[in-house]
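[1] With the input below, show me the fold.
(one chain, ligands or ions: 1)
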Amino acid sequence: MQNIRRERIASLAIGKVYLIGAGPGDPGLLTLKGKQCLKNADVVIYDYLANPVLLNYAPADSEKIYVGKVCGNHHLPQEETNALLAEKAVAGLQVVRLKGGDPYIFGRGGEEAAYLKQRNIPFEVVPGVTSGFAAAAYAGIPLTHRDISTSVALITGHERSERKLTGLDWERLATGLGTLVFYMGLTNLKLISGKLIEHGCSPQTPVAVVQWATLPRQRTQVGTLATIVEDVARAGIETPAIIIIGEVVKYREDLRWYDNLPLFGKRFLITRPRVQAANFVQKLQQQGAETICIPTIEIAPPDDLQPLDQAVKEIASFDSLILTSANGVDAFFERIAANRLDVRSLAGVQLVAVGPKTAEAIEKRGLRPDLVPKIYQAEGLIEELLAEGVAGKRFLYPRAEIARTLIPDSLRQAGAEVVAPVAYRTIRPTGKEDMIRHLLVESELDAICFSSPSTFENLLEMFGDELIKLQGRAKFFSIGSITSKAIRKHGFAVDLEPEKSTIDDLVTAMVKYYQD
Ligand code: SAH
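    Predicted coordinates for the structure are as follows:
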């Protein structure tokens, strides 16, 4: 990657700046074009309001420069940001300037473009979903409506250095019939509502203030021009916030859809390895939840690959291949490829998967499991295999290093031969301990979700003290009985366990837990 980029740098006299709208916060609201530009970026220069999650689209070795607010202090002076953009482009780099919302709506994007234009530096603008529109959509407020409002105005509630908003034509704003959307207006809310009433708006005009729109921490307060200042103060709504003023606000009652999702406002800690967490995270977010991922395990190859490789080479001599996790499936097929074999070598071997996720991983390899037990655990699997009869058969069971011995023990007792090489190890990730400790202590978690005994045991070993303190404050959710047993063994209570041990069932159980 680095080399390709160097070649590109060498071949181009000058780079280009892409002014990209990052959207209001929800990462799904970035445009496809914006995402493509990020993927090609050498440098990303980003703001306080651009969701940092989007940086993951940029190449791992690209430079990321933050020019937003730091602890409430003001950002890098605009002149310096401009100069930085120019400097990087002149060096031949593809520069992404990632700005919250839309770059040309109150984002000083116009100033940045003009600066580049003056210096003959090529640039492009990729629009984004502006926070005013997004706040309305996610709060359930249609900004226009045939019967009520035929126009919308986007207005700054904070002008340059002075704070009196004298540049605004209050007369026209107050009587213009349309919906008013104020950006950066929260600190001037009293002034804004007062001026509008003074210039002819009814004090009963509905107002909505939306903080952190489109993110799981979105908060919305509704009131009228007469009451909103007090309402907002009482609710403790802070910046960044959008103020929407007009009769259309009334529709929220009927049309709100986001902040009444079943898990909206809940914050969960996910302890699965990142790749496997993706599906879980997505499902929780679809229900409105906020997720924090701290993988407490990582998957690593076994210390000695020889026993697994030996078994892989002899795969045709086995009657049956038992796989009990997606990690096991990946590890096994990696060795199939490494030994220059392919799926054809599995012809005639019975494929057994412990549950639907393992089955799915097998199906991704173009194979269909012959057996998935009704109970998705080793116990269920053994029961069904024994019912089929195992005496005299050869089983290959590529396993986790710490796997229970139940499967090989039971099959051997029933007269089978079992080869059980280690296919992968789960190890504890290192290097992020301080950050994790901070998260555990500082973020108000509603629950921690454990998807295997080791996700719990590793967290306990690493952060036992913090975990003890979390008891009672955060709930402990477990994917199934084996994980629950590990949690209880250490004296912790399990608050939720779905009937079936799958992510889908866990999410459904979580939704039900908070609905009841
Ligand atoms: N270019 C941006 C606006 C930048 S000005 C856009 O198009 O959205 C900064 C103001 O945007 C903030 O003071 C706030 O009023 C608004 N804002 C940005 N993101 C927001 C969010 N997620 N929720 C509420 N307001 C937001």
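
[2] only C-alpha atoms for contact and neighbour calcs from this point on.
    OK.

[3] Show the backbone phi and psi for the residue of the stretch 351-500 of the chain found nearest the ligand.
    Among the residues of the stretch 351-500 of the chain, S443 lies nearest to the ligand; the distance is 19.5 Å by CA to the nearest ligand atom. S443 adopts backbone torsions of phi -80, psi 130, taken as degrees, to the nearest 10.

[4] what residues are up against it?
    Residues in contact with S443 (CA atoms under 8 Å, 6 or more residues apart in numbering): none are found.

[5] How about the residues of the stretch 201-350 of the chain by the ligand?
    Residues of the stretch 201-350 of the chain lying close to the ligand (CA under 6 Å from any ligand atom) are 210-213, 240-242.

[6] Not including adjacent chain positions, what is the nearest residue to A400?
    Spatial nearest neighbour of A400, chain neighbours left out: Y424 (5.2 Å); criterion: CA to CA, 6 or more residues apart in numbering.

[7] before we move on, what about A300?
    Using CA to CA, 6+ apart, the nearest residue to A300 is R425, at 5.1 Å.

[8] One more: D370?
    Per CA to CA, 6+ apart, closest to D370 is L351, 5.2 Å.

[9] How is that neighbour assigned, secondary-structure-wise?
    strand (DSSP: H, G, I helix; E, B strand; the rest coil).

[10] correct me, but it touches T324?
    No: if you go by CA atoms under 8 Å, L351 and T324 don't touch, sitting 10.9 Å apart.

[11] More neighbours: those two, which one.
    T324 (24 against 21; other CA atoms under 10 Å).

[12] Who are the contact partners of the closest residue to that one other than its chain neighbours?
    Spatially, and ignoring its direct neighbours in sequence, T324 is nearest to V354 (4.9 Å; CA to CA, 6+ apart). Counting by CA under 8 Å, 6+ apart, V354 touches 322-325, 372-373, 376-378, 381.

[13] buried sites along stretch 392-399?
    By neighbour count on 16 or more other CA atoms under 10 Å, the buried set for stretch 392-399 is 394-399.

[14] typo on my end, stretch 431-442
    Under the neighbour-count criterion of 16+ other CA under 10 Å, stretch 431-442 has 436, 440 buried.

[15] Assumed T426 was part of a helix.
    No: if the criterion is three-state DSSP, then T426 is strand and not within a helix.

[16] residues near it, how many?
    The number of residues packed near T426 is 20, by other CA under 10 Å.

[17] right, and it touches P302 too?
    No: in terms of CA under 8 Å, T426 does not count as a neighbour of P302; the distance is 9.2 Å.

[18] Can you pull the residues that touch both of those two?
    In contact with both T426 and P302: E401, using CA under 8 Å, 6+ apart.

[19] what packs against the longest helix along the chain?
    Secondary structure of the chain per DSSP state H: the longest helix is helix 453-470. In this structure, helix 453-470 packs against helix 433-442, helix 481-489, with contacts taken as 3 or more CA pairs under 8 Å, 6 or more residues apart in numbering; DSSP states H and E.
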